[in-house]
Each structure stands twice: as structure tokens, then as C-alpha cells.
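S.K.: let me see the structure of the following:
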Amino acid sequence: MKALVYTGVEELSYMDRPMPEARDGEALVRIMASGICGSDMHAYLGHDPRRPAPLTLGHEAAGIVIGGPEDGRRVTINPLVACQNCEFCETGRENLCTNRQIISMPPRQGAFAEYVSMPLRNLVTVPDGVKLAHAALAEPIACGWHGVRLGRAVLGGDLSGLRCVVIGGGAIGVGAALSLSAQGARDITVIEPNEMRRARLADVAGFEVCAPGEPAMPTEGSADIVIDGVGFAATRETASSIARAGGVIVHIGLGEATGGLDVRRMTLQEITFIGTYTYTAEDFAATAAAIFNGHLGPLDWVEERPLAEGHGAFRDIRAGSVAAPKIILTPEHRAADT
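M.R.: Here you go, the predicted model:
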């Protein structure tokens with residue numbers, strides 16, 4: 001099969017790779033759409049020791065089951081493979097599984113390929129009429145859905161009268177903003193420095209988009225919940241500043257490991273900080289359902305490119321010349337109506 005393989009720092013090669021084999025309890029999935037994640041970019045830049053070259057990246061995927069009793073089933077893939085036996089799995093917190101694996105990290109190859117093998121429990125059926133390129137967004141949006149759910153619980157469960165701010169207009173940030181709206185928020189602002197991306201997001205209903213420093217930028221102590229979808233020191237500094245007393249910071253982004261938090265202000269103002277990692281199986285299923293029933297909007301803010309041209313997509317993202325929050329890569333065997 002063909003795959004887009006990370007072969008070294010800022011190097012990707014479109015090459016032949018061995019076909020995966022479906023083990024007991026698994027299904028072979030023909031990939032029809034796979035999104036480029038920020039973590040894929042971190043690996044591409046050589047910033048993620050968990051993803052050493054050579055490695056097939058990609059974990060935001062949807063496709064069609066090939067062979068077996070479920071042949072032809074259209075699915076979106078939960079890429080987080082949990083052991084099902086540890087204390088976290090037994091309490092529905094599979095994202096904290098002590099033995100977790102995720103495709104695109106050894107020992108599991110990723111979904112920038114024509115095929116991938118996945119446990120059947122990790123597959124969610126996609127209804128006819130839902131584009132598989134949109135179904136592939138279940139993974140990145142689930143990260144925001146999970147974070148919003150945790151933050152909403154701290155704030156009492158009702159977001160309708162609260163001021164909500166998302167830092168970052170990439171897929172994680174947009175997914176978080178859409179998740180806020182789907183879970184009841186009405187006042188949502190997304191802060192995004194890239195002018196092209198702001199212009200692209202201007203037509204996404206349900207939230208306001210501004211650049212740092214613009215008049216629409218939330219002021220210090222004005223936000224009930226701040227979601228950092230970027231995770232740099234500078235964005236954590238912004239989150240620390242604009243969160244109100246008694247508010248919540250939900251930290252999703254993994255851009256930079258240290259710096260930025262105003263721990264003194266957070267302590268004196270009793271600001272809750274929640275670090276979040278991926279999502280539970282329940283969050284993933286809820287996000288997929290929200291996509292299928294239209295609660296997350298038309299999802300027309302993605303850009304599709306051929307998998308064979310994936311290295312160019314990575315370069316464009318690296319250069320900041322991509323307006324779309326998400327690029328979806330599509331293998332050559334993809335049918336036009338998927």
C-alpha cells in the first residue's frame with residue numbers, strides 16, 4: 001500500500017509500505033480521509049521524541065471496513081487504543097489508560113496510508129449522507145468536546161450566560177468553540193493571530209473572531225472559561241490574564257512545555273486550571289453524534305488535498321500560508337462521494 005512516511009526532520013516520503021494485518025478483534029479499514037494534526041507537525045519538525053522516524057503519522061481518520069462480517073461499514077476511527085483492564089479504563093477514563101496506545105505512535109503506524117487496522121470497539125459507524133472527510137473531524141473536535149465538558153462541570157453545568165474564550169483558530173480551537181456552542185454557550189470569542197485564518201473563520205456561525213490586541217479582544221479578568229488550544233507560554237499568559245476570579249482555564253494545546261502561567265494570580269483569584277488529554281470513548285461517541293446530527297454546523301472550513309501531495313501540505317502549514325483550520329489528506333483510492 002501507499003503511505004506518507006515521516007523519514008526525518010521536515011522530511012516526508014510517499015512510498016510503499018507493508019499492508020497491515022487485522023488481528024483478533026480488529027478490522028482492516030480502507031482510509032478515505034485523514035487530517036493533519038498539530039502533533040503531526042510537532043513530529044515533522046522533530047519536536048516529539050514519542051514519534052521517531054521512520055513512522056507513518058496521522059490519527060484523525062475515517063474510512064470503510066474491508067473484509068469480514070462488517071465489510072462496507074463506513075466508520076470514523078477513535079485512534080486511542082486502551083487496555084480495557086486498568087483502573088482508568090474500568091471507570092470510563094480510557095484517555096488516562098496506563099497502557100494506552102495511539103496510532104501514529106510506535107508500535108502502531110498511523111493513518112496517512114491507504115489502510116490501517118483497528119480494534120472494532122474503536123470504530124464508530126458513519127451514517128450514509130455524512131462525508132467521511134467530515135467524520136474524520138471527530139477526533140480533533142473530541143479534544144475540545146472533552147475539555148468543554150470538564151470545564152462546564154466546574155462552572156456548574158450551564159454555559160448559556162457565561163463568557164467563553166478560545167485561544168487558537170486551528171482545528172482544536174474551532175472544535176472547542178463549536179463544542180462550547182453545542183453544549184450551551186452563547187458568548188464565544190476565538191483569538192487567532194493569522195489574518196488568513198481569521199478571514200476563513202469569519203463565516204463560521206456562532207462565535208466572534210479577533211486578533212490579539214484588537215478591540216474585541218477580551219479584557220483582563222473578563223472570561224468565565226478560557227480554552228487554550230495552542231499551548232505556548234504566550235497563550236498561557238493570555239489565559240492567566242483574561243480568566244476571571246473563580247473562572248476556569250482548560251489547557252488542550254501542547255505547543256510548548258513550560259512558561260506563561262501566572263500562578264500567583266491563579267492562586268489569589270481561585271482560577272481552576274484543567275489539563276486535558278484527548279477524550280474518553282464516551283466523548284468521542286458524543287462528538288461523532290454531534291457531527292452526524294448537524295449540531296456542529298456544516299464543517300465547511302476544511303481543505304482537502306491528495307495524500308500523495310501531503311508533504312506540500314505540511315510545508316504550507318509550516319509557512320503559515322494555509323487559511324483553513326484543517327487540511328484533510330485523501331488517498332488515491334478515495335471515491336468522489338465519500
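S.K.: pretty sure A82 is touching T98, no?
M.R.: No: A82 lies out of contact with T98 (CB atoms under 8 Å); the separation is 9.4 Å. Quick note: C-beta positions are derived from backbone N, CA and C, even for glycine.
S.K.: neighbour-wise, which of these two wins?
M.R.: Shown here are A82 and T98; by other CB atoms under 10 Å, A82 has more neighbours (24 against 11).
S.K.: next one: that one from F284, what distance?
M.R.: Separation of A82 from F284 (CB to CB, to the nearest Å) stands at 11 Å.
S.K.: joint contacts of A82 and T98?
M.R.: Counting by CB atoms under 8 Å, 6 or more residues apart in numbering, the residues touching both A82 and T98 are F88.
S.K.: so the chain: which segments form each domain?
M.R.: Domains of the chain are assigned by automatic domain parsing as 2-137+299-330, 142-275.
S.K.: any stretches of the chain with poor pLDDT?
M.R.: Applying pLDDT under 70 to the chain flags residues 205, 334-338.
S.K.: show me where it has its helices.
M.R.: For the chain, helices defined by DSSP state H occupy the ranges 38-44, 87-90, 132-135, 138-154, 171-182, 195-201, 233-242, 263-268, 281-292, 310-319.
S.K.: turn those into TSV, columns for distance to D300 and mean neighbour count.
M.R.: Below are the helices of the chain laid out as TSV (distance: least, CB to CB, whole Å; neighbours: other CB atoms under 10 Å):
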stretch	distance to D300	mean neighbour count
helix 38-44	21	21
helix 87-90	36	15
helix 132-135	9	23
helix 138-154	14	25
helix 171-182	12	28
helix 195-201	10	17
helix 233-242	26	20
helix 263-268	37	12
helix 281-292	13	22
helix 310-319	18	16
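S.K.: between the ones you listed, which one is nearest to P331?
M.R.: Nearest to P331, of all the helices of the chain, is helix 310-319, at 10.1 Å by CB to CB.
S.K.: could you dump the closest one to CSV, C-alpha only?
M.R.: Output in CSV follows, covering the C-alpha atoms of helix 310-319 (Å, rounded to 0.1, in the frame of the first residue of the first chain):
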residue,chain,number,x,y,z
GLY,A,310,0.9,15.6,1.7
HIS,A,311,4.5,16.9,2.1
GLY,A,312,3.5,20.1,0.4
ALA,A,313,0.6,20.5,2.8
PHE,A,314,3.0,20.2,5.7
ARG,A,315,5.3,22.8,4.2
ASP,A,316,2.4,25.2,3.7
ILE,A,317,1.2,24.8,7.3
ARG,A,318,4.8,25.3,8.4
ALA,A,319,4.9,28.5,6.4
